[in-house]
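[1] fold the following, please.
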Amino acid sequence: MNNSMDDAGCCLLSVAWNIAPLLEPSPTSRRSSLRATIEETCRVTGLGARSWAACHGTGTEPEYRPFLQLADVAYEIATLLLLVGDCLVPDLEREHRRWAEIEGLMSRLEELSGWTSSFLGSLTLSGHA
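    The predicted structure is shown next:
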């Protein structure tokens, strides 16, 4: 079970590391853009969480839980992105459902990313890091 800020940081770094590169004709596609955002968010936040843990210890559940949630949401988005556009029988309704779910999860990722950034930033700005 993941029960520390260091564990949360490791989970985030694992998600970042395991974002599989897609072979797409356009590196500027929405899928590529989202994958890059997820990778960068998880890498930066994971390193921040591990750095915080090195200075402050395990942390409390209210402190590390949003970091774990961020890793979970990022992993779910990355998985759905693997399914979008790759099917044996094209189904526009299914594609629209998946994209709607991805966009909803991206909103949650942005919310959690904002919280974790504020948490890490406020500690740095207040001289606790």
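[2] please name every helix or strand in contact with the one helix or strand Ala78 maps to.
    Secondary structure here is read from DSSP states H and E; on that basis Ala78 sits in helix 61-83. In this structure, helix 61-83 makes packing contacts with helix 5-17, helix 30-56, helix 92-125, judged by 3 or more CB pairs under 8 Å, 6 or more residues apart in numbering; DSSP states H and E. (C-beta placed from N, C-alpha, C; glycine too.)
[3] find the residue at the geometric middle of the protein.
    Most central residue of the chain, judged by C-alpha distance to the mean C-alpha position with CA atoms, centre = their mean, is Ala74 at 3.4 Å.
[4] correct me, but it touches Trp17?
    No. Between Ala74 and Trp17 there is no contact under CB atoms under 8 Å: 11.7 Å.
[5] contacting residues around Phe67?
    By CB atoms under 8 Å, 6 or more residues apart in numbering, the contact list for Phe67 reads Met5, Ala8, Gly9, Cys11, Leu12, Thr45, Ala49, Thr116.
[6] for this protein, where's the lowest mean pLDDT among helices and strands?
    Taking all helices and strands of the chain together, the one with the lowest average confidence (mean pLDDT, DSSP states H and E) is helix 92-125, at a mean of 90.
[7] what is the orientation angle of that one with helix 5-17?
    Taking axes from the mean of the first three to the mean of the last three CA atoms, to 10 degrees, helix 92-125 and helix 5-17 form an angle of 140 degrees between their directions.
[8] what comes up buried for helix 92-125?
    Arg98, Trp99, Ile102, Leu105, Met106, Arg108, Leu109, Leu112, Ser113, Thr116, Phe119, Leu120 (16 or more other CB atoms under 10 Å).
[9] for those, which one is nearest Leu70?
    When the buried residues of helix 92-125 are ranked by distance to Leu70 (CB to CB), Leu112 comes first, at 4.2 Å.
[10] and the closest residue to the closest one other than its chain neighbours, how many neighbours?
    Take Leu112 and drop its neighbours on the chain: the residue closest to it by CB to CB, 6 or more residues apart in numbering is Leu70, 4.2 Å away. The tally of other residues near Leu70 (other CB atoms under 10 Å) stands at 27.
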